[in-house]
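1. starting from these lines, generate the structure:
(chains A, B and C)
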Amino acid sequence: MSSSVVSARSGARRVSLRAEHPHYGEKVIIAFLFIAAVISVAVTTAIVLALLQPLPRFFSEISIVEFFTATEWSPGFARPQYGVIPIVVGTLMVVVTALSVAIPLGLLSAIYLSEYAPEGVRKTIKPILEVLEGIPTVAVGLFAFFWLRPFIEYLTPWLPWGGLFSTGVAGIAVGLIIVPLISSVADDAMRSVPRALREGAYALGAGKMRVALRVVVPAAFSGIIAAFVLGASRAVGETMVVLLVAGAGSPQLNFNPFEGIQTMTAYIASRATGEIAVGSIVYDTIFAVGALLFTITLAMNMLAIRFVNRFREVYD
Amino acid sequence: MSDSFNKLPARSRFAAAGAGLVVQNRFASADNKGKVSGVLFLSVMLLALTISLVAITAILAWAFVEGRTRLDLDLIFNGPSTVNRATAGFSVAIQGTLQIIAGVIAIIIPLGAGAALYLEQFADKTKWWNRLIELNIQNLAGVPSIVFGILGLAFFVRAPFNLGLVAAAGSATIALLVLPTVILASREAIKAVPSSILEGSLALGATRWQAVWLQVLPAAVPGMLTGVILAVARAIGEAAPLLLVGALTFVTFPPNFFEGGYSALPVLIYQYAGRPQEEFQILAAAGVLLMLVVLFVINSFAIWLRARYERTW
Amino acid sequence: MNVPIGEETVPNEVFTLKDVSVYYGANLAVQNVNLPVYENEITALIGPSGCGKSTILRSLNRMNDLIPGAKVTGEVLYHGQDVYGSDVDPVQVRKTIGMVFQKPNPFPKSIFENIAFGPKTLGVKGNMDDIVEQALRGAALWDEVKDRLKDNAFGMSGGQQQRLCIARAIAVQPEVILMDEPCSALDPVSTFKIEDLMNELKKDYTIVIVTHNMQQAARVADRTAFFTVASDDAAGSRIGVLVEHDKTDKIFSSPANQKTLDYVTGRFG
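-> Next comes the predicted model:
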């Protein structure tokens, strides 16, 4: 092997002292990166501050007890009432309807994709499902208002439809939006179940359905619950669909799915875009309701994360 | 099940329970019952999947059928008008959206890449503040978009930024909304670069920053870019936060980034839809169609980008 | 450097390990290693898996720093200076002590850029084309790739990639090249090529190689150090220890320690 190694290392050996170049410039850059990461904390702090700041002023005028227990919500009216329950119930109705649509659709799709679908089918269908999640919510809302509602009304004329808005249809539309979320989180959970569990059952002669329903789903249970909770949280925060389809509702409590209703999100949107005096009580309701909304979704998300972690613990 | 059974690790319990059920079943009635319910189950699942896919098609079909008569150039080049309903368009809103997106991109690329690089390559993962940052980002990703609108209203429109109800405020608000997703996606892209690249660079005597900036980051860029593009796609469709920071005023003139009113595509669609005249409802559907086409192009580009630069290490 | 060896000169000691132990967190991985490494020689670290050879190798150029919780006690002296001294910059350490890894890890760039990365980043002045050519010649790769320097490095065979990694390492003109099982992922033909290369390289560099393959050590190494695992069944721990080190022919023909003899004759390991 002829290698003409022209050695450039001549003369003094490099037994240099390990001198330290201070690398100051790099330290500055890394500090900037740290600041970028800290911005996320700053954002959360800003959200909390923004929501909390008007609250002392608000709750000095309105009693907390009234806020949480009274059943009429009419801040802009001549004789205003500040019981938040009607809009919370509004959100609840939409979310429950949404989950009743999205849980069966999402879970069944997930079981199919995880346990039954051949790899090619799975690779095609998953991204297509995600399209549903990517459609702007204003488009879904318009679709639900202009087409879905008349269509459902056409299919079920015997039901007491009336008026322009319908909480039930809004719930169905929101449900469709969260199907991909529930499906993909549940699918991830099921695919993380070790093959050994399935193979053990198959080896004893169990059929696919039995393995899926009696072995995999129970094994992935906390992950699946996390999927549901995340879907619910997303449904709680949805604004455009409920604005368009459920409308503004009435100040009193209403449990009728065939009428409109106002959710917490719709209230915030309509109040903030109306004519209001900054600093007035009515203006402050935006933040009070916003704080409530934030707390609810935060609690749900943390719950979901705990479920996911519990699930991971079992299998890691 | 006995108490000692419950003390076994979960995987053993599940395996045992599954095995028990299966054995029971074998001694139960004949297999035919199993076959029928198996087929039934499969059909139910496929039905569920079909319903979702049909919903997607229905939305697209509705937008097309309802809006197709207004798929003309006026849609893009004319501004809103309450008088000339048949030729009104979205030009002002398109410009507003473009300005907003430009601002979003300018914010999320440095902040998103910077935060992701820090968390993946420079942070000491045992330190509590780094774990707090990570938890924070996870939580932010789940905050409802309208709460970001409140944030924008309180902080960007009013003090301390005091921008007023302008496009810049909308841009900043949306940027913060999509930032957590960009950070998460960028982290994944950086994680996907094998550590052997980093090790090889360090072994040559490069500093950590040199190794990350010159070798790891370039390898992660396609993935990070995909994350940014998908964030932009999401940003284009967001209406709720913008409602709170001033995009709802019926604006007929092109927007200035830092002054004056502005609009955005999804918000104007929402406004048109709220008007009683049928021309406006058709216009709203046409706007939806326009938005969906744009999103399709953007998402396809992201998918192409991911496929083109996907590297098997 | 090329010290003329007419008389029996004692070669310079490049590394002196004194009572070096390495901990990963609370676990002791290798204990009390005392070992010299001499200039312009190939020193091989052999032994069964898990006995800490790679750990010791990586502690020579402070690559263990990358593992959270890794700690090195004792002294790793490089020309008399403790590599782990408080004023020592690991970056400088790695500039003069290079490393080639078990699995070839070229950068996802062209062959030229792979080699040029080191010198450019370290601010080495000079004509980059010349530097790249020299490095490739030094790694016996020049003739094979001189016409395709712009091609992506991933297109090369495993053996070529490893030689590329060697070229990349010598492009920054280190004094020492550490090799962590450099041939274990390669076919026999590439292995022999690299072993030949090592014999050439040792004229200009000091080489320390970890190898699973005893015969390889017997073929290339001037000195060999034999490690083994001391298991403490009571504590449930496995700790790597250095059994003995000497000139290679001594280790393989008449080692001082019975365990060494057992290993090199294949009785265990």
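2. switch to C-alpha atoms for all contacts and neighbour counts from now on
-> OK.
3. residues contacting the residue in the stretch 151-269 of chain C that chain B sits nearest to?
-> As assessed by Cα to the nearest Cα, chain B sits closest to C:A169 within the stretch 151-269 of chain C, at 6.3 Å. Neighbour list for C:A169: B:204, C:98-100, C:115, C:118, C:177 [criterion: Cα atoms under 8 Å, 6 or more residues apart in numbering or on different chains].
4. give me the secondary structure label for it.
-> helix (DSSP: H, G, I helix; E, B strand; the rest coil).
5. longest helix in the chain, by residue count?
-> Picking chain A for this. helix A:281-315 (DSSP state H).
6. hm, I was asking about chain B
-> Determined from DSSP H, the single longest helix within chain B is helix B:31-67.
7. for the helix or strand that it is followed by, which positions count as buried?
-> For helix B:31-67, the following helix or strand on the C-terminal side (DSSP states H and E) is helix B:73-77. Neighbour-count burial for helix B:73-77, counted by 16 or more other Cα atoms under 10 Å in any protein chain shown, picks out B:75-76.
8. does chain A have contacts with the helix or strand following helix B:73-77?
-> Next along the chain after helix B:73-77, taking DSSP H and E as the criterion, comes helix B:91-117. Yes: contact of helix B:91-117 with chain A (Cα under 8 Å from any Cα of the partner chain) involves B:110-112, B:114-117.
9. swap in stretch C:176-190?
-> No: looking at stretch C:176-190 against chain A by Cα under 8 Å from any Cα, there are no contacts, and the closest approach is 10.7 Å.
10. give me the mean pLDDT for that stretch.
-> For stretch C:176-190, the mean per-residue pLDDT is 92.
11. using CSV, list the CA coordinates for stretch B:124-131.
-> Taking Å, rounded to 0.1, in the frame of the first residue of the first chain, the C-alpha atoms of stretch B:124-131 are listed here in CSV:
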residue,chain,number,x,y,z
ASP,B,124,-29.4,20.1,31.3
LYS,B,125,-32.5,17.9,31.4
THR,B,126,-32.2,17.3,35.1
LYS,B,127,-32.6,21.0,36.0
TRP,B,128,-36.1,21.8,37.2
TRP,B,129,-36.5,24.9,35.1
ASN,B,130,-35.9,23.0,32.0
ARG,B,131,-38.6,20.5,32.9
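12. what does stretch A:114-126 rub up against?
-> If you take Cα under 8 Å, 6+ apart as the criterion, stretch A:114-126 is touched by A:113, A:187, A:190-191, A:208, A:212.
13. mark which of those residues are part of helices, please.
-> Using DSSP H, the subset of those located in helices is A:187, A:190-191, A:208.
14. now distance to C:E181 and pLDDT too, for those residues, in JSON lines please.
-> Converted to JSON lines, the ones in helices among the contacts of stretch A:114-126 look like this (distance: Cα to Cα, whole Å; pLDDT from 0 to 100):
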{"residue": "A:D187", "distance to C:E181": "41", "pLDDT": "94"}
{"residue": "A:M190", "distance to C:E181": "40", "pLDDT": "93"}
{"residue": "A:R191", "distance to C:E181": "36", "pLDDT": "92"}
{"residue": "A:K208", "distance to C:E181": "46", "pLDDT": "83"}
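15. if we check chain C, which of those are in contact?
-> With the criterion set as Cα under 8 Å from any Cα, no member of the ones in helices among the contacts of stretch A:114-126 is near chain C.
16. please report how far B:A285 lies from A:F165.
-> 19 Å (Cα to Cα, to the nearest Å).
17. so for these two, which sits in the more crowded spot?
-> More neighbours surround B:A285 than the other of B:A285 and A:F165, with 29 against 24 (other Cα atoms under 10 Å in any protein chain shown).
18. contacts only, for that one.
-> Applying Cα under 8 Å, 6+ apart, the residues contacting B:A285 are A:142, B:63-64, B:66-67, B:269.
19. let me have these in TSV, extended by neighbour count, pLDDT and distance to chain C.
-> Below are the contacts of B:A285 laid out as TSV (neighbours: other Cα atoms under 10 Å in any protein chain shown; pLDDT from 0 to 100; distance: Cα to the nearest Cα, whole Å):
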residue	neighbour count	pLDDT	distance to chain C
A:L142	26	95	48
B:A63	25	92	45
B:F64	19	92	45
B:E66	21	90	50
B:G67	21	89	48
B:I269	25	93	46
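20. in JSON lines, list those residues along with distance to C:S110.
-> Shown next, in JSON lines, are those (distance: Cα to Cα, whole Å):
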{"residue": "A:L142", "distance to C:S110": "52"}
{"residue": "B:A63", "distance to C:S110": "49"}
{"residue": "B:F64", "distance to C:S110": "49"}
{"residue": "B:E66", "distance to C:S110": "54"}
{"residue": "B:G67", "distance to C:S110": "51"}
{"residue": "B:I269", "distance to C:S110": "50"}
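21. farthest-separated two in those residues?
-> Across these, the longest distance by Cα to Cα is 14.7 Å; it joins B:F64 and B:I269.
22. residue ranges with poor pLDDT in the chain?
-> Picked chain A for this. Applying pLDDT under 70 to chain A flags the ranges A:1-21, A:313-316.
23. hmm, no, I was thinking of chain C.
-> For chain C, the ranges with pLDDT under 70 are C:1-9, C:233-234, C:268-269.
24. need the helices for it, in chain order.
-> With helices called from DSSP H, chain C shows them at C:53-60, C:90-96, C:111-122, C:128-138, C:142-145, C:158-170, C:188-201, C:214-220, C:248-253, C:258-264.
25. determine which stretch of the ones you listed is the most buried.
-> Highest mean neighbour count among these (mean count of other Cα atoms under 10 Å in any protein chain shown): helix C:158-170, with a mean of 26.
26. CA atoms of that one as PDB?
-> Only the C-alpha atoms of helix C:158-170 are listed here, as PDB (Å, rounded to 0.1, in the frame of the first residue of the first chain):
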ATOM      1  CA  GLY C 158     -18.900   0.500   4.700                       C
ATOM      2  CA  GLY C 159     -15.100   0.100   4.400                       C
ATOM      3  CA  GLN C 160     -14.700   3.200   2.400                       C
ATOM      4  CA  GLN C 161     -16.900   5.200   4.900                       C
ATOM      5  CA  GLN C 162     -14.700   4.100   7.700                       C
ATOM      6  CA  ARG C 163     -11.600   5.100   5.900                       C
ATOM      7  CA  LEU C 164     -13.300   8.400   5.200                       C
ATOM      8  CA  CYS C 165     -13.900   8.800   8.900                       C
ATOM      9  CA  ILE C 166     -10.200   8.100   9.500                       C
ATOM     10  CA  ALA C 167      -9.300  10.700   6.800                       C
ATOM     11  CA  ARG C 168     -11.600  13.100   8.500                       C
ATOM     12  CA  ALA C 169      -9.900  12.500  11.800                       C
ATOM     13  CA  ILE C 170      -6.400  13.000  10.500                       C
END
